[in-house]
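Chemist: Here is my input, please return the structure:
(one chain, ligands or ions: 1)
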Amino acid sequence: PNLATTFLDLPLNNPLMNASGVWCSVGSQLEALQESEAGAMVTKSCTLQPRDGNPEPRYRVLNGDKPWGSINSMGLPNEGFAYYLRYTERHDYESKPLFISISGLTLDDNLAMIDSLKDAVTPAILEINLSCPNVPGKAQLGYDFDAMDTLLAEVTSGYGQRALGVKLPPYFDIAHFDEAAAILNRYPSVAFVTCINSIGNALAIDIDSESVIIKPKDGFGGLGGDYVLPTALANVNAFYRRCPEKAIIGCGGVKSGQEAFMHILAGATLVQMGTALYEEGPSIFGRVKAELSEIMEKKGYSSLSQFHGKLKTL
Ligand SMILES: C=Cc1c(C(=O)O)[nH]c(=O)[nH]c1=O
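Modeler: Model (predicted):
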């Protein structure tokens, strides 16, 4: 089977990449992703200035009985926009496409970063994060439809109608899928949608210590891993059905070829891994590639296009 695909007319060896925020904050991690078998990669969402983020412990893997996953309240720690812009200048674009994720604390910060990016004329693809759940005092843009609309109007014109994408939070109501998609469809230069970010503000409890397990926000944090797979698949398919002109990047609950196959069947062109990558490291890309290839072999598929978006209903 051939795992090759294209995204915004760029060729990829395979559809797998990291989720923004995981294994992509500093140079050594970015170089490891560059060397890995990932088909593409994305940088940690950045703010205009560097940030330390929230106090630790701020990430924990939840590996009690099934299901398995993670909770995080990192608080947007990052090296600052200039650091990641410099990385876009030294990335090897022959080996794999690079996405740069921005998550400005204000609209002006987002516009300032976008202006620099536009002037840099870099091949890096912009993914705007509308869904960070862990910055105290900052509501998620993805859950404020008016603010999201205003941001997209400013950002798409600021970026000169160049192709860009958005990272969305999970939605849980059909009316919200409808409303969010209607806004996105008004911006043709929003060429892709990445669904989903972590399920925000979950609470993990340790019964021995009778305590929460992460320090920030009284233990409230974004959920990842097995817990979020059905919600991730629903959001991928909901936006795939509603945004026929846009590509969907699937993120959430992928830890093997099985879930990667499900995301592609649901409509994802590329598939991101967060929690599983955090726990296993960049060797995961070779493993999941092989597993996806084996599933395709068994089903008689020789290319991704033969099952991409072909989820059946009853
Ligand atoms: C960019 C901040 C995010 C963070 C964070 O830095 O806390 N965690 C997430 O699960 N998703 C985010 O989008």
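
Chemist: Could you check the pLDDT of Glu89?
Modeler: For Glu89, the model assigns a pLDDT of 97.

Chemist: Likewise for Cys251?
Modeler: 99.

Chemist: so who does it touch?
Modeler: Going by CB atoms under 8 Å, 6 or more residues apart in numbering, Cys251 touches Ala19, Lys167, Thr194, Cys195, Ile196, Asn197, Ala232, Val271, Gln272, Met273, Gly274. All C-beta spots, glycine's among them, are computed from the backbone N, C-alpha and C.

Chemist: Kindly provide the distance from it to Val271.
Modeler: To Val271, Cys251 is 7 Å away according to CB to CB, to the nearest Å.

Chemist: hmm, back to that, most neighbours, which of the contacts of Cys251?
Modeler: For the contacts of Cys251, the largest number of neighbours (other CB atoms under 10 Å) sits with Cys195, at 33 neighbours.

Chemist: Tell me, please, the helix or strand in this structure that averages the lowest pLDDT.
Modeler: Lowest mean confidence among the helices and strands of the chain (mean pLDDT, DSSP states H and E): strand 205-206, at a mean of 94.

Chemist: Any buried residues in stretch 273-286, and which?
Modeler: Within stretch 273-286, the residues scored as buried using 16 or more other CB atoms under 10 Å are Met273, Gly274, Thr275, Ala276, Leu277, Tyr278, Glu279, Pro282, Ile284, Phe285.

Chemist: now swap in stretch 42-55 and tell me
Modeler: Using 16+ other CB under 10 Å as the test for burial, stretch 42-55 gives Val42, Thr43, Lys44, Ser45, Cys46, Thr47, Leu48, Arg51, Gly53, Asn54.

Chemist: residue contacts, the last one?
Modeler: This means Asn54. With contacts defined as CB under 8 Å, 6+ apart, the neighbours of Asn54 are Ser73, Met74, Gly75, Pro77, Asn134, Pro136, Lys215, Pro216, Lys217.

Chemist: The fourth one too?
Modeler: When the contact criterion is CB under 8 Å, 6+ apart, the partners of Ser45 are Ser20, Gly21, Leu76, Asn78, Ser101, Ile102, Ser103, Asn129, Cys132, Lys167.

Chemist: show me which of these neighbour the ligand.
Modeler: By CB under 6 Å from any ligand atom, the members of the contacts of Ser45 lying near the ligand are Gly21, Leu76, Ser103, Asn129, Cys132.
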